[in-house]
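Peer 1: just need the structure, nothing else, for what follows:
(2 chains)
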Amino acid sequence: MSAKAEIEIIEEYCKGCSICVEFCPTKVLEMDAFVVKVANADACIACNQCELRCPDFAIKVHKL
Amino acid sequence: MAYDYEKSIRPGKLPHIWCPGCGHGIVMKGLIRAMDTCGLEKNNTAIVSGIGCASRLPGYMDFNTLHTAHGRAAAFATGIKMVKPEMTVICCGGDGDGTAIGGNHFIHACRRNIDMTYVIMNNYIYGMTGGQFSPCTPTGMKASTTPYGNPDPIFDISKLAIGAGATFVARTTSFHATQIDKLIAEGIKHKGMSVIEVLDDCPTSYGRRNKFRSVVDMMKRLKEVAVPVAAAAKMTDEQLEGKVLTGVLFKEERAEYTDQYAKLIARVQGA
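Peer 2: Numbers count the residues shown, from 1 in each chain, chains lettered A, B, ... in the order given. As a prediction, the model looks like this:
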């Protein structure tokens, strides 16, 4: 399965609330010492849920 | 391409001051998308707020913004709208700022049906000032000033707005991110007083005192309690126990205040 989007994370904006990790339906993201990181990029279905619910403007989903 | 929020935010203002997981950021994103949908011009839009966490919002927005005295957002916004009726005026604030300290201004803005959009972020608490209970802190829940549980019944902000005379009243939650911008956009387009109540989460002052282990638990609770108006019509009273209705709760057309005032001026000067 190939990724439907490229996820950009702005690390200096991320405060580590982990909302994006919890509500990602395909478990693309995970926490890495209080900052989110892309762990499973290929599984991304470009649903945009992480970007919509990130309160800190730290995630951008670039559809491919 | 991802949605470009930065074009509406003042350069160098991010990251914002809100706590990790605070829903105000989600509401701000919704507001930016809604303003974009309505095609609002920066020079012809004013965003007004009072004091509090939620009232920090206009400081980040690259529009005409006004950060006023505690609870007085609606009063200052009324002034702007009276002087410049062609401007789009948006108020932002929290539950304490809007319905307690500024309760009087809020209900009278609703009564006049002046054309503005009031986005109330209801996080059940006074977050910035130290977690005191607000009129929206649910009965029995803990705040810094109610360590044994809050004995007071709550204000239902949407019902208050409808009762006071607002002509567009809607409610959503910070979990329902796409609904936020749809409802705010509808409120901006509506001619008259629009109130959009967004149920929000305050993990720092409310959540940690009330046994929410994380902000994710608070978001899940918002997901569980929200029932769309259409679905609620088919449910019994028992099924609706403890639930909160979301969507457009009330809408009507009624004479708008600045229009009526312009007519008054024309009539008196013409006489």
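Peer 1: now do the helices in chain B.
Peer 2: B:24-37, B:57-60, B:73-83, B:95-96, B:103-112, B:157-164, B:177-189, B:215-225, B:229-232, B:257-270 (DSSP state H).
Peer 1: likewise for chain A?
Peer 2: Under DSSP H, chain A gives helices at A:19-23, A:49-53.
Peer 1: pull the contacting residues for the one residue in chain A that gets nearest to chain B.
Peer 2: Nearest residue of chain A to chain B, counting by CB to the nearest CB: A:P55, 2.9 Å away. Glycine gets a C-beta too; all of them are placed from N, C-alpha and C. By CB atoms under 8 Å, 6 or more residues apart in numbering or on different chains, the contact list for A:P55 reads A:C17, A:I19, B:W18, B:G21, B:C22, B:G23, B:H24, B:G25, B:I26, B:K29.
Peer 1: so which bits of chain B are right by chain A?
Peer 2: Selection of chain B residues close to chain A by CB under 8 Å from any CB of the partner chain yields B:1-3, B:5-6, B:9, B:14-16, B:18-26, B:29, B:175, B:177-178, B:203, B:214-216, B:219.
Peer 1: hmm, 7 Å instead?
Peer 2: B:1-2, B:5, B:14-15, B:18, B:20-26, B:177-178, B:215-216, B:219 (CB under 7 Å from any CB of the partner chain).
Peer 1: list only buried entries from those.
Peer 2: Buried residues within the residues of chain B next to chain A, counting neighbours by 16 or more other CB atoms under 10 Å in any protein chain shown: B:5, B:14, B:18, B:20-26, B:177, B:215-216, B:219.
Peer 1: those into JSON lines, with extra columns for distance to B:L249 and pLDDT?
Peer 2: Formatted as JSON lines, these follow (distance: CB to CB, whole Å; pLDDT from 0 to 100):
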{"residue": "B:Y5", "distance to B:L249": "28", "pLDDT": "92"}
{"residue": "B:L14", "distance to B:L249": "33", "pLDDT": "87"}
{"residue": "B:W18", "distance to B:L249": "27", "pLDDT": "94"}
{"residue": "B:P20", "distance to B:L249": "31", "pLDDT": "92"}
{"residue": "B:G21", "distance to B:L249": "27", "pLDDT": "91"}
{"residue": "B:C22", "distance to B:L249": "25", "pLDDT": "93"}
{"residue": "B:G23", "distance to B:L249": "20", "pLDDT": "93"}
{"residue": "B:H24", "distance to B:L249": "22", "pLDDT": "94"}
{"residue": "B:G25", "distance to B:L249": "25", "pLDDT": "94"}
{"residue": "B:I26", "distance to B:L249": "21", "pLDDT": "95"}
{"residue": "B:A177", "distance to B:L249": "19", "pLDDT": "92"}
{"residue": "B:V215", "distance to B:L249": "26", "pLDDT": "90"}
{"residue": "B:V216", "distance to B:L249": "27", "pLDDT": "91"}
{"residue": "B:M219", "distance to B:L249": "22", "pLDDT": "92"}
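Peer 1: which one is the residue in the stretch 151-271 of chain B positioned nearest to chain A nearest to, not counting chain neighbours?
Peer 2: Minimum separation of the stretch 151-271 of chain B from chain A (CB to the nearest CB) falls at B:A177, amounting to 3.9 Å. Nearest in space to B:A177, with sequence neighbours left out and distances taken as CB to CB, 6 or more residues apart in numbering or on different chains, is A:L52 at 3.9 Å.
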